[in-house]
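# Predicted coordinates and the sequence they were generated for:
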Amino acid sequence: MKTDLIQDQKKRCPWCLKDEQYVHYHDEEWGEVCHDDSTLFEFLLLETFQAGLSWHTILKKRENFRSAFDQFEVNLIASYNDLKVHELMKNASIIRHKAKILAAIRNAQKFIQIQDEYGSFDRYIWQFTNYSTIVIPIDSWEEVKKTIPESDAMAKDLKSRGFMFIGSTTCMAFMESIGMVSDHFSYCWKNKKI
């Protein structure tokens, strides 16, 4: 693999080495602590579309999703109607899965309800890790966790609020992406293990 990013001699988590875009995502975004509701919603929407697919597939289409879903503007998405769903189903540049599209709309509506209840989605979502990052040491693929009790609790609560395409595995991926969980491989330059 011949990219400037990968030739910098930094050791990285092995999952990100497919291409330069994936390396950049790993280095610049994945696992960075996020408290911005707009970004939290973007990751939540993208993670629901990832269900059953690889994150690499979603990352490749991320800008297409951004364009198709009005820059991930939660209030606009919450107001989508049947005509917009039909338009999205015809958009070959995104994942054309009607149930996931409908879930994105419903989840946007529920996201806003949580903002109204808690003042921000950030205040609500970070309670599942007691407002701090959970550090999980990883030395090998066998130690990578697909779920943890906190992702189980998050999924259960989100489902009880009416969110769709949200299971514990999806919540775990979401938590990793926004820095609620830090589980870089031990040799990775971004590892935050103390």
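Sure, I can see it.
# CA atoms only for stretch 115-124, dumped as CSV, please.
In CSV, the C-alpha atoms belonging to stretch 115-124 read as follows (Å, rounded to 0.1, in the frame of the first residue of the first chain):
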residue,chain,number,x,y,z
GLN,A,115,-32.5,16.9,23.0
ASP,A,116,-35.7,18.5,24.3
GLU,A,117,-35.6,16.3,27.4
TYR,A,118,-31.9,16.5,28.3
GLY,A,119,-30.9,19.8,26.8
SER,A,120,-28.6,18.0,24.4
PHE,A,121,-28.2,14.5,23.0
ASP,A,122,-24.6,14.7,24.3
ARG,A,123,-25.7,15.0,27.9
TYR,A,124,-28.0,12.0,27.4
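# Any chance you could list what contacts that stretch?
35-37, 40-41, 111, 114 (CB atoms under 8 Å, 6 or more residues apart in numbering). (C-beta placed from N, C-alpha, C; glycine too.)
# now, which of these lie within helices?
The helices, defined by DSSP state H, take in 37, 40-41, 111, 114 from the contacts of stretch 115-124.
# which one of those sits closest to I178?
Distances from I178 to those, taken as CB to CB, are shortest for L40 (6.2 Å).
# just checking, the closest one touches E47?
No: the criterion here is CB atoms under 8 Å, and L40 misses it with E47 at 10.6 Å.
# Buried subset of the contacts of stretch 115-124 as a ChimeraX selection?
In ChimeraX, a selection of the buried entries from the contacts of stretch 115-124 looks like this (16 or more other CB atoms under 10 Å):
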select :37,40,41,111,114
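# What are the boundaries of the helices in the chain?
So, for the chain - with DSSP H - the helices run 20-28, 37-50, 55-60, 62-68, 74-78, 82-89, 98-118, 121-125, 149-160, 168-177.
# Buried residues, the first one. List them.
Meaning helix 20-28. Of the residues in helix 20-28, those buried (16+ other CB under 10 Å) are 22-23, 25-27.
# circling back to that earlier point, so which of the helices of the chain gets nearest F185?
helix 20-28 (10.7 Å).
# where's that closest one relative to the chain centroid, distance-wise?
15 Å (CA atoms, centre = their mean, to the nearest Å).
# helices or strands next to it in the packing?
helix 55-60 (3 or more CB pairs under 8 Å, 6 or more residues apart in numbering; DSSP states H and E).
# Report the distance from the helix it packs on to the chain centre.
Counting by CA atoms, centre = their mean, helix 55-60 comes out at 11 Å from the chain centroid.
# buried set for that helix?
Buried residues in helix 55-60 (16+ other CB under 10 Å): 55, 58-59.
# Per-residue confidence, G52, what does it come out as?
G52 is assigned a predicted lDDT (pLDDT) of 87.
# Can you give me the neighbour number for the residue nearest to E29 when sequence neighbours are not counted?
Nearest in space to E29, with sequence neighbours left out and distances taken as CB to CB, 6 or more residues apart in numbering, is S177 at 7.4 Å. For S177, the neighbour count with other CB atoms under 10 Å is 24.
# This completes my enquiry, with thanks.
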